[in-house]
Every structure is written in structure tokens, then in C-alpha cells.
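1. any chance you can model this:
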Amino acid sequence: MSGKQPKSKRFNFKAGLSKLAGKLAPTIDQLRHLPKVLSKNERYFLLALGVIAIGSLVSLPISAFYHLTVPKPAFGGTFSEGMVGSPKYINPLLAQASDVDRDLSELIYSGLMKFDDNGNLTYDLAKSYTVSGDGLTYSFTLKDNLKWQDGVPLTADDVVFTILTAQNSDYGSGQSINWQGVDVSSTNDQTVVFTLKNKYAQFLSNTTLGILPKHLWATVKPAGFGLSDMNIKAVGSGPYKFSKVKKDSSGNVTSYEVVASDNYYAGKPYIAGITFNFYDSEDKMITAFNNGQIDGMSDISAENIDTVKYLGRLQLLPLKMPRYFAVFFNQNQSQVLSDKNVRLALNYATDKNSILKDILGGRGSVVDSPVLPGIIGIDAPTTVYDFDIAKAEKILDSAGWKMSATDGVREKAAPAVKTTKSKTAAPAPAPQKLEVSITTSNWPELVAVANEIKTQWGKIGVNVNINVLALTELQQAIKDRNYESLLFGEVLGLDPDPFSFWHSSQKKDPGLNLALYDNKTADTTLETARQTLDQPSRFGIYASFQNTVIADAPVVFLYSPDYIYALPDFVKNDNTQIISVPSDRFSNIGEWYIATQREFKK
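-> Okay, here's the model as predicted:
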């Protein structure tokens, strides 16, 4: 028996279709003439209904897809960032004098440790460390299968080589002071041992130093260390590697491009590449952004934010950083400033809140101390020089600084010259004018602050001269300590060691004692703090130290500004809150992303 149905019961599709078309024929014919009988508004209404119906059909699967999936970072995308300055030493051992050098070094190199986006020390190349009971021996174990960006294995020998090079004064590294009295050795390819002659509380912070590849640098002699092409075409173990560089006719770097490294131990970063463009002033950098030539900016002074167009294209990230700006007094260069009464009066005559509000737009905090209570967990100082014009004037009056009736500048009678009876008395010397010179950078914010201080001090009869220098000139003036007073900033670090800023042994370059401060009590306190491993106890010592400094008034502390990072709005997942130095803003850059992809929810 056949499996087919009888012919009479089989459906004839062709015949059925013809029959259905016959029934629909009048309707189709009517629809064809429908536009002729409908009004214009009715036709538009019918068309809108059709569009809505089609849109609904299309949107249903799209809506379902978005409902069932979540966005995830994807590899790809690039951005460009403007910086003020130009790179010269993209080398962790030579990068201390330039934010640009440090920023690029942060991207290309890795250290044993690093600061995370909350300002805490965490592992970088190291996977663990131990400290001996006496606090003198630190043993680090490296992560497995580390590689340089050129594919060569990274071992403990690279770490040893880097530290020995930093310690060797022939190489001219500014890092040498951090590694004095430290012996370094390796017991195998993954273990590095540091032995300290004296306990040093902040030693772990020093291990954030970027490590150099021994296989590339070992043959470079000290005389050629700063001249090597590898200071620009750098090879490290960080998240990004060198790709391209552009220079102008004078050899200055104008553009520098990095791309994501395939050999980064934490995995290839999501963002494919970053291009850095360099400018010799903040104004030129902002102009470049306003003209669409760059996507973001490394740092913007609060004073210039209003000059930035298209602020909606930026994320203005106010990062907390343990730094302060102050006017440092060089008493060796100024007889006027060697008078403590003058220094006290200048402190009382400085309206810090006005500077913070009017110049920084409130983006920061007032500073009264060399160790930044409020940012770092140290008790506030017992003495604070609150703004008090009347008190400043009273101090100067009592010290013999009288207001001149001719020019509004205070003056003081010069000491009488002693003469013998046989000699004719010398004419009385001219009175000493109360004049102060302030040297500072051409950074717009600092120029504005200097002019505001000039106005404020002028109200108590002080004549202020402002000396504005380009960065390279300022660096030389600081190196030579060639200034009467210096309006400048200092970066302390999140676990501060004020030793290099205030110990008397650091009065000359490469020390950073910009006030040439010399106090035996302060020296002893700083030395004790360095060897106190317990942090609460150490912070208590620093609280005592700050009171000693404030009492001597070698400086007018001003403010701690927020570091305003202008990141493009399309860059996602930068969660940085606190940085130790500006380059730390890149500490979690491997987690930033631009491109996205969608994955089904779990």
C-alpha cells in the first residue's frame, strides 16, 4: 500500500493560491486607488503608522539583545594627549627633573612595586616580598615569565644592574640618594635581596623605580649614558612600548607615540595606542585642544580652565597629590630675609584663602606645614600663621622697619659705622629698603600667584620684584640656589620622607632643601623618623618636626593644588583618586578602555 494520500484529498497549492488572489483582488485594487481618496494628512498618518510598525519589528530583536547583554571593554581605540615640555630622558634613572620624562617612563617601564589608583603600594614586577625582623633585609620574588618588550626574559639580574647603575655617581642618576647604603644581590633568576646598612622606613616606596634591561644597557658607558638613543627609543616592561617619534629642525621632540605591549605581564592593555604632543606653554597646549589637534591634556591650571572650549569633551579629574607650593627664603642671598621678624610678617601678610579662591578656583587646599596634614595622616601643626595684616605691621614696626613717607616702602636705619677718635666720622649709610625678589616659573598659575603675593605684601610696605624664568632657566637657578626667594612646589610622596627637602645636608644640589634650612633639632628629628618603621610612631615624629620648621619661618607655605587631569570623555574606567607624583595617573592604564563589545549576561 502506498504512503501517498488519495488524489482527491491532496491540497493543490497552486489552485489554492489562485483562489485566494481572486478573493483579494477587489481589496488590492481598492488599496491601489486609496492614495487618491485619502487627504494629505491621512496619507502622512498612514505612512507614520507604517514606519512605526516596521521600526517596532526591527527594534524588538535589538532591544532584546541589549536587555540580555552587558557592555565589556574591547581592544582598540586611540587618543592623543598634550603636555607642556619635551621629553629628553625617558629613562627611570634620569627622569627626575621632568614631569614629561616621568610620565612616559611610567608607561614604558615597570618597578618591583607601584602605587595603585588609591595611592596604596601594590605589586608590579614583584609577586611577593619579605622583611627581616631587624628591618634591614628585603627579599623580593619576581612574577613568573616576565619579559621585556623586545621578548627577552626579565630576571633578577636586570634589577641588580639597575640599582648598581643608579648608585654609581658616574652615571649621573638623581636616584642615587635613594639607594645610598643599600647592597643588592640576586640568589636566582627570580629573587632579589636588598640589605640596608640602616633602617629606612620609606624603603618600599623606592622600589617603584623602573627597571632597565641589562641586555641593552650593560654595554653603554657612563659618558654615553645620558646621550644614548635609548633614552628616547626606550625599551621597558610596562604596559606600553615605543612606536614613533617626531622632532623639529632643532632636534626637540614634538610628538611621541606608544602602542600597547603584547608582553606586558598583566595582559595587553585595551587601548591600542596613545600619541603625546608637546608644547612650550600651557596656552599653546590649550589652543591645540581648542583647535581639535589633541583629545586631552596632562594637566590644566585652575586659572586657565575658562579658556578651554568644549569642556564637555573632557573629564576634568581632580586628583589629590601630596605636593605643596610655597615661597622659600634664601637667607644667604638676602639680608632682609635673614631677619626673622620680616619672615614672620610676610607669613601673616599672606592671604592664602584668597589665592586659593581667586587663582585656583578653590581647586585645592590651604597649606600651613611641610608635611601636609589632611592629605597625609599627620596631626595638624600647633602654630599657624593666620592672615592678619595688623599683626604683620606691628611686627615690622617693633623691629624698626618704618614706612617711608615718599614711596610707601618700609625701610630700616642701617647700623652705624664705628670710627676711631682720630678719624672723621663717616656719613650715615642710607636706610635699608624692605625689598624682596621672588623667582618663579613662567607657568601661568605661578605667575598669577606671584603677582597676588606682590599685591598682598605691598600693603604692609614691602616692595616685591618678580623674576619669571623659563623652565630650563629656573632649573639652573635652583641648582645654583641663585634666588632671594623662590615660588615653587615640592612633591612629598604618599609615605613622606621630608629629609631631602629640609635636612641641612641637602642644602646644595642635588639636595632639595630650597630654603637652605639648617636646624640641628630638625636634622635629628628627620634622621630618627627615617629609622622608625612603625608608621603611626613615625607620623608622630613628623608632627614634632613640622612645628620646629614653622617656628623658624624659613618659608611661606601657600597651598596644595588638585592635579587637574583633562582626560578625553570617551576614555573609560580611570578610577584614580590619589597620586604620589603626576605620572601615577597612569598606574592603572591597562584597565582603561575606549572600544566596547557586548556579552550575554551570566
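
2. strands of the stretch 201-350 of the chain, residue ranges please.
-> 240-247, 253-260, 273-279, 296-297, 314-319, 323-329 (DSSP state E, counting those that start in this stretch).

3. export these to a markdown table and tack on mean pLDDT, mean neighbour count and distance to Ser398?
-> For the C-beta atoms, the positions are set from N, CA and C on the backbone; glycine is no exception. Converted to a markdown table, these look like this (pLDDT from 0 to 100; neighbours: other Cβ atoms under 10 Å; distance: least, Cβ to Cβ, whole Å):
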| stretch | mean pLDDT | mean neighbour count | distance to Ser398 |
| --- | --- | --- | --- |
| strand 240-247 | 97 | 17 | 59 |
| strand 253-260 | 98 | 19 | 55 |
| strand 273-279 | 98 | 21 | 49 |
| strand 296-297 | 98 | 24 | 49 |
| strand 314-319 | 94 | 17 | 42 |
| strand 323-329 | 96 | 24 | 20 |
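
4. dump these to TSV, plus distance to Val556.
-> Formatted as TSV, the strands of the stretch 201-350 of the chain follow (distance: least, Cβ to Cβ, whole Å):
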stretch	distance to Val556
strand 240-247	40
strand 253-260	36
strand 273-279	31
strand 296-297	30
strand 314-319	24
strand 323-329	4
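
5. out of those strands, nearest to Glu393?
-> strand 323-329 (19.1 Å; Cβ to Cβ).

6. could you dump the closest one to PDB, C-alpha only?
-> Extracted C-alpha coordinates of strand 323-329, given in PDB (Å, rounded to 0.1, in the frame of the first residue of the first chain):
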ATOM      1  CA  ARG A 323      52.600  68.400  47.000                       C
ATOM      2  CA  TYR A 324      52.600  72.000  48.100                       C
ATOM      3  CA  PHE A 325      53.700  75.400  46.800                       C
ATOM      4  CA  ALA A 326      55.500  77.900  48.900                       C
ATOM      5  CA  VAL A 327      57.800  80.900  48.900                       C
ATOM      6  CA  PHE A 328      61.200  79.600  50.000                       C
ATOM      7  CA  PHE A 329      63.500  82.200  51.600                       C
END
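
7. same for it, what does it pack against?
-> Counting contacts by 3 or more Cβ pairs under 8 Å, 6 or more residues apart in numbering; DSSP states H and E, strand 323-329 packs against helix 444-458, strand 485-491, strand 555-561.

8. now do the helices in the stretch 51-200 of the chain.
-> Using DSSP state H, counting those that start in this stretch, the helices of the stretch 51-200 of the chain run over 99-108, 156-167.

9. highest mean neighbour count out of these?
-> helix 99-108 (a mean of 24; mean count of other Cβ atoms under 10 Å).

10. now do the same contact list for the residue nearest to Leu474 when sequence neighbours are not counted.
-> Excluding the flanking residues, the one nearest Leu474 by Cβ to Cβ, 6 or more residues apart in numbering is Ser441, at 5.2 Å. By Cβ atoms under 8 Å, 6 or more residues apart in numbering, Ser441 lies in contact with Val447, Val468, Leu469, Ala470, Leu471, Leu474, Leu487, Phe488.

11. could you work out the most separated pair of those residues?
-> Using Cβ to Cβ, the contacts of Ser441 span at most 14.8 Å, a distance reached by Ala470 and Leu487.

12. for those two, indicate the residue with more neighbours.
-> Leu487 (24 against 11; other Cβ atoms under 10 Å).

13. just list whatever residues bridge to that one.
-> Here Leu487 shows beta-bridge partners Val327, Thr440, assigned using DSSP bridges.

14. now do Lys572
-> Going by DSSP bridges, Lys572 forms beta bridges with Tyr593.

15. measure it to Asp407 for me?
-> 59 Å (Cβ to Cβ, to the nearest Å).

16. neighbour count winner among these two?
-> Higher neighbour count among Lys572 and Asp407: Lys572, with 19 against 11, using other Cβ under 10 Å.
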